[in-house]
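> Generate a structure from the sequence data that follows.
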Amino acid sequence: MFKNKILQRYLVREWLRTFVPSLACFEFLIFLGFAIQLLHKGLDIIALRAIVPHLFVQAFPYSIPAALLTATAMNYGRMSADHEIIAVQASGIHILKIIVPVIVMGCMCSIVAVVLAAEVLPRSSFKMIQLQERAINSILAGRLANFQKKIDLHPYQIYIGSVEDGVNKDIAVIKYVDDYVTDVILAEEGAIKIDEEDDKIFLTMYRGEFIKPNYSSAGDVPSLGVFKETTFEISLKEKKRESSTRYMTILQLLRQNTGINTELKGMEKTLPNNKKNKEELSKELTAYQQELNVLSKKHKKLTLELKRSNESVVRQKAKIEGLENESKIAKNYILVANENLVQAKKEMKDDDSKEEAAKRIMKIKESIEREKQRIYAIEKDIMTARQIREDEMEKIESYSQTLSEINQQRDELSKTLGAHENDLAIAAKEYLMRKNDISIHKRLSQALSCITFVIIGVPLGIMLRSGHLMVGIGASFLVILFVYYPLVVTGIVLAEDLAFPVMPVIWGANSILFIGGAYLFRRLLLK
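Just a heads-up that it's a prediction; the model follows:
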């Protein structure tokens, strides 16, 4: 028993001598990769300097498993090359006695990695968001007090202070790279032109300046230059930035999923085919909305025509009443004229007034004839007005029937839209829940891969029979880059497909490597 403890302490000490330098090496390499990636995307050295601690924290989940695999393979490879394992077995000590300590160390590293993935990394990511917000606020403070519009065109955000006579005033264009603002353009005026054929937006700005945010000092806002006029294009084909789960801890994600589950219990899918995903439902919803818009336009047009016809009927009715009154007046005038004509004829019997009576009779007859012609024209106008009114009444009946049919179609379409919106809301919640599940299992599987790498690292090192640094690193890179991460990426892609369950595909890489390591262990134990 005492010999076992001495041997195990020796193994842990030798393993740590390899693990610590390996961890530092991988941490630096991964940090360097992150930094180069950000610099390549546009982040400057000044901004990078402020987030160096966060980049080191972000690199830990990747460097710990790689260092574990390298240290384990190198340690047991050296022991195998120096025949120490054979000597241990020859002394009567079971091989498991020299494996358990490293497995325990792997479990401890997994616990550390779980804490990092569950709590530390989300908080670090949130700190980086606060850095970029502080930087952008320092740039915009006092320059653009209020915004009327905000246009989100990933990776750009366009802020418009005001619009005067169709001209955009006080424009700010902010470019994001991951979690950071890399460039800011401020301009007094600008114009936005959309090219629908090429799915592009051309933004032309006048009298402005280029600015770089400084993450290390909120008060220092370096200006890179000024311009009188500049134009650049923004592609509309860029994938829209989704709300990220990386800023939420695992406990927050679990609480959010619990809340979503509670909401989903009170919601039921209304469509017969409830297996449609979010994208299919969105496409169908868009098609139904377009159809509803077409019906709404027809409804609006017919309503306007119906209103005009009703107004025309009212006008023709008033016109007919006016013409009938005019006809009555004319007829009454004729009656009075006929009485005057009779009176004039009686007066012709008197020789003294015969000539004047004849003239009077002639005028009365002419007046009667004019009134008769006027009555004829009025009757003709009345007939025309009545015909117009009848035509308008027929139109009103036709419009009313068509509107009734359109209203029925709109009601049915509104019900269908409501069903699709309900199912889309459910699909969106399910998608968010699945996204959260993917994030949770991805973090946990990556953290617990430490145990898997230890399990496969021990037999791999014994089989390699070499404690050389390059051999250990090379073997680790082969396992990680050509086996583990391709399986991880495949699992994530499959997990995003609703046809596959999240847990098996996300944990598939760990399971396959664990089974492979167990198989190699079995072969070693049977020797």
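> Quick one: the strands in the chain, in order.
Using DSSP state E, the strands of the chain run over 149-153, 156-164, 167-177, 180-195, 200-211, 223-235.
> Show me what the third one is packed up against.
Looking back up the chat, that one is strand 167-177. Other helices and strands packing on strand 167-177, by 3 or more Cβ pairs under 8 Å, 6 or more residues apart in numbering; DSSP states H and E, are helix 121-140, strand 156-164, strand 180-195, strand 200-211. (C-beta placed from N, C-alpha, C; glycine too.)
> Would you reformat these as CSV and include mean pLDDT and distance to Val336?
Output for the helices and strands packed on strand 167-177, formatted as CSV (pLDDT from 0 to 100; distance: least, Cβ to Cβ, whole Å):
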stretch, mean pLDDT, distance to Val336
helix 121-140, 72, 88
strand 156-164, 79, 71
strand 180-195, 78, 75
strand 200-211, 81, 80
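> Can you check which of those gets nearest to Ala59?
Nearest to Ala59 among these is helix 121-140; the distance by Cβ to Cβ comes to 10.2 Å.
> Let me have the strands of the chain in CSV, adding mean neighbour count as columns.
Shown next, in CSV, are those (neighbours: other Cβ atoms under 10 Å):
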stretch, mean neighbour count
strand 149-153, 13
strand 156-164, 16
strand 167-177, 20
strand 180-195, 18
strand 200-211, 17
strand 223-235, 12
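> nearest to Leu23, of those?
Nearest of the strands of the chain (Cβ to Cβ): strand 180-195, 26.8 Å.
> pull the CA atoms of that closest one into CSV?
What follows is strand 180-195, C-alpha atoms only, in CSV (Å, rounded to 0.1, in the frame of the first residue of the first chain):
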residue,chain,number,x,y,z
TYR,A,180,-16.6,44.5,-30.8
VAL,A,181,-17.1,47.7,-32.6
THR,A,182,-14.2,48.0,-35.0
ASP,A,183,-15.1,51.1,-37.1
VAL,A,184,-17.4,54.1,-36.7
ILE,A,185,-18.3,56.6,-39.5
LEU,A,186,-20.0,59.9,-38.5
ALA,A,187,-21.5,62.1,-41.2
GLU,A,188,-23.6,65.3,-41.3
GLU,A,189,-25.8,64.0,-44.2
GLY,A,190,-26.3,60.8,-46.2
ALA,A,191,-28.4,59.0,-48.7
ILE,A,192,-29.4,55.3,-48.8
LYS,A,193,-30.1,53.6,-52.2
ILE,A,194,-31.3,50.0,-52.5
ASP,A,195,-30.3,47.8,-55.4
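> these two touch, right, Leu302 and Gln401?
No - judged on Cβ atoms under 8 Å, Leu302 makes no contact with Gln401 at a distance of 10.2 Å.
> Show me which of those two is the more surrounded one.
Neighbour totals were compared for Leu302 and Gln401, and Leu302 leads with 16 against 10 (other Cβ atoms under 10 Å).
> Show me the chain divided up by domain.
Domain assignment for the chain by automatic domain parsing gives 2-137+441-526, 139-235, 278-429.
> any idea which of the ones you listed is most buried?
Highest mean neighbour count among these (mean count of other Cβ atoms under 10 Å): domain 2-137+441-526, with a mean of 18.
> Helices of the stretch 251-400 of the chain, start to end?
278-347, 354-464 (DSSP state H, counting those that start in this stretch).
> Local confidence estimate at Asn273?
At Asn273, the model reports a pLDDT of 53.
> possible to save the helices and strands packed on strand 167-177 as CSV with distance to Lys372?
Below are the helices and strands packed on strand 167-177 laid out as CSV (distance: least, Cβ to Cβ, whole Å):
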stretch, distance to Lys372
helix 121-140, 86
strand 156-164, 68
strand 180-195, 69
strand 200-211, 75
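> closest to Leu464 out of those?
Short answer: helix 121-140, nearest of these by Cβ to Cβ, at 32.5 Å.
> Nearest to Glu394, out of the strands of the chain?
Minimum separation from Glu394 across those (Cβ to Cβ) falls at strand 180-195, 45.1 Å.
> which neighbours does that closest one have in its sheet, and in what orientation?
Next to strand 180-195 in the sheet, as set by DSSP bridges, lie strand 167-177 (antiparallel), strand 200-211 (antiparallel).
> do you know which of those lies nearest Glu14?
That would be, of the strands paired with strand 180-195 and by Cβ to Cβ, strand 167-177, which comes in at 43.1 Å.
> Can you give the distance of the closest one from its chain's centre?
Centroid separation between strand 167-177 and its chain, computed with Cα atoms, centre = their mean, to the nearest Å, is 20 Å.
> Taking strand 156-164 as reference, get the angle to that strand.
With axes from the mean of the first three to the mean of the last three Cα atoms, to 10 degrees applied, the angle from strand 167-177 to strand 156-164 works out at 170 degrees.
> Export strand 167-177 to CSV, keeping only CA atoms.
Output of strand 167-177 as CSV, limited to C-alpha atoms (Å, rounded to 0.1, in the frame of the first residue of the first chain):
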residue,chain,number,x,y,z
VAL,A,167,-32.4,64.1,-46.5
ASN,A,168,-30.9,62.0,-43.7
LYS,A,169,-29.1,64.1,-41.1
ASP,A,170,-26.5,63.1,-38.5
ILE,A,171,-25.7,59.6,-39.6
ALA,A,172,-23.6,57.1,-37.6
VAL,A,173,-22.5,53.8,-39.2
ILE,A,174,-21.1,51.2,-36.8
LYS,A,175,-19.3,48.1,-37.9
TYR,A,176,-19.2,45.1,-35.6
VAL,A,177,-16.8,42.1,-35.5
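> what's the angle from that strand to strand 149-153?
Using the same axes, to 10 degrees: strand 167-177 against strand 149-153 is 40 degrees.
> returning to that earlier point: and of the helices and strands packed on strand 167-177, who's closest to Glu369?
That would be strand 156-164 among the helices and strands packed on strand 167-177, by Cβ to Cβ, at 69.8 Å.
> that older thread, for the helices of the stretch 251-400 of the chain, give me JSON lines that also has mean pLDDT.
Output for the helices of the stretch 251-400 of the chain, formatted as JSON lines (pLDDT from 0 to 100):
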{"stretch": "helix 278-347", "mean pLDDT": "82"}
{"stretch": "helix 354-464", "mean pLDDT": "85"}
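> Nearest to Ile99, out of those?
helix 354-464 (5.5 Å).
> which residues touch the closest residue to Gly77 other than its chain neighbours?
Spatial nearest neighbour of Gly77, chain neighbours left out: Gly461 (3.8 Å); criterion: Cβ to Cβ, 6 or more residues apart in numbering. Applying Cβ atoms under 8 Å, 6 or more residues apart in numbering to Gly461 gives the contacts Thr72, Ala73, Met74, Asn75, Tyr76, Gly77, Arg78, Met79, Ser80, Gly472, Ala475.
> Export those as TSV, with columns for distance to Thr18.
Rendered in TSV, the data for the contacts of Gly461 read as follows (distance: Cβ to Cβ, whole Å):
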residue	distance to Thr18
Thr72	8
Ala73	9
Met74	5
Asn75	5
Tyr76	10
Gly77	10
Arg78	8
Met79	11
Ser80	14
Gly472	8
Ala475	13
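> which one among those gets closest to Tyr485?
Using Cβ to Cβ, the contacts of Gly461 come closest to Tyr485 at Ala475, 15.0 Å.
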